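>>> Pasted the sequence and its predicted model underneath.
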Amino acid sequence: MNPVNEDDLHAYADAALDQTRRLEVEAWLAGHPEDARRVDDWMEQNRALHAAFDSVLNEPLPLDLVRAARGRASLAPRWRGAVAAIVLAATGLGGFFIGRHTVEPVLIAALPRDAALAHVVYSPEQRHPVEVDAAHADHLTAWLSKRLGARLAAPDFTALGFELLGGRLLPGGGGPVAQFMYQDAGQHRVTLYIRRASGQEDTTAFRHAVENGIEVFYWIDRDMGYALSGSIGHGDMQRLADAAYRQIGR
C-alpha cells in the first residue's frame, strides 16, 4: 500500500477517492486514531458548510444575469459568453438554452444523468452514506418532504431483498433534491433520487438510461421527477423501479 499522506486524508473527507484507495485510507485510519479524529472534524466541517450554504444554490438567479445569458443585456461581447456559461453551470442546465418552454424537457433529459452522478458520489460511502439513517425514517421523510414542499415516502423494497439505509438532502439546479439509499445482503446499493418538475407534464411511463455503467429507471409523476439508480442487474433494477412506481403512485 502506498503511504497515506495529507492529500489522501483530505480527499477521503471529500469523498473524492476511488474505491481501492478509499479502502486503503480506511485501513490507515483504523490504526491512526489521531488522523481519524482530524478526518471526522473535516467531514463535520463539510456538513456544516453544506447546511449553511446549500440553500444559496437553490435561490433564483438575478434577473439581469439571466437576461445577460440570453443576450438581452448590454454587456460587452467578450463578457456575454462567460456570463452565459456561469448561468448555465449555476442552474445545472449546461448545454441547454434557458427558456420558459425548454425547462421541463431539460429536467427530464437531465434527470437520469443527475441521479446517476449522485448515486456514484454517495453510494460508495461506508462511514457516512446517508445524513439521516433508517432508524429515524419518520424524521427523514418529514424533513425531506418539508424541504421539497411535497409529501414524500420511502418505498419499501424489503420483499425484493433491499433495506432502507436512510437518505439525504442534495442541492439541484431546480431546487432541493431528496435521495433515499437502499442496500441488500450483498451490500449492493441503489438510490432513489426525487426532485420537483414543473407540473406541466403528464405522468410519464418508465424511461431507461445507462449513465457510465449505472442503470437508471426514471419517470415524471405530476409535478415530481423520480430516478432509481444502481449497478445491479437490469432485471433486478426494473423490478425495484416497478415496485417504487406502484408504491409512489398510490
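Sure, I can see it.
>>> Roughly how far does the closest residue to residue 167 other than its chain neighbours sit from residue 130?
Spatial nearest neighbour of residue 167, excluding adjacent residues (C-beta to C-beta, 6 or more residues apart in numbering): residue 180 at 4.3 Å. The C-beta positions use only the backbone N, C-alpha and C, and glycine is treated the same way. Counting by C-beta to C-beta, to the nearest Å, the gap from residue 180 to residue 130 is 8 Å.
>>> Also residue 246?
To residue 130, residue 246 is 24 Å away according to C-beta to C-beta.
>>> tell me the pLDDT at residue 246?
Residue 246 is assigned 90 on the pLDDT scale.
>>> now swap in residue 61 and tell me
54.
>>> Let me see the contact set for the closest residue to residue 13 other than its chain neighbours.
Using C-beta to C-beta, 6+ apart and skipping residues adjacent in sequence, the residue nearest residue 13 is residue 42, 4.0 Å away. Residues near residue 42 by C-beta atoms under 8 Å, 6 or more residues apart in numbering: 9-10, 13.
>>> Same list, these, but as TSV with neighbour count please.
TSV is the format used below for the contacts of residue 42 (neighbours: other C-beta atoms under 10 Å):
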residue	neighbour count
9	20
10	14
13	20
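>>> At which residues are the helices of the chain located?
Taking DSSP state H, the helices of the chain run over residues 6-13, 19-31, 33-57, 63-69, 77-91, 103-122, 137-148, 234-248.
>>> Out of the ones you listed, which gets the lowest mean score?
The weakest mean pLDDT among those belongs to helix 77-91, with a mean of 47.
>>> Counting neighbours, go ahead and name the busier of residue 180 and residue 130.
Taking neighbours as other C-beta atoms under 10 Å, residue 180 and residue 130 compare with residue 180 leading, 27 against 18.
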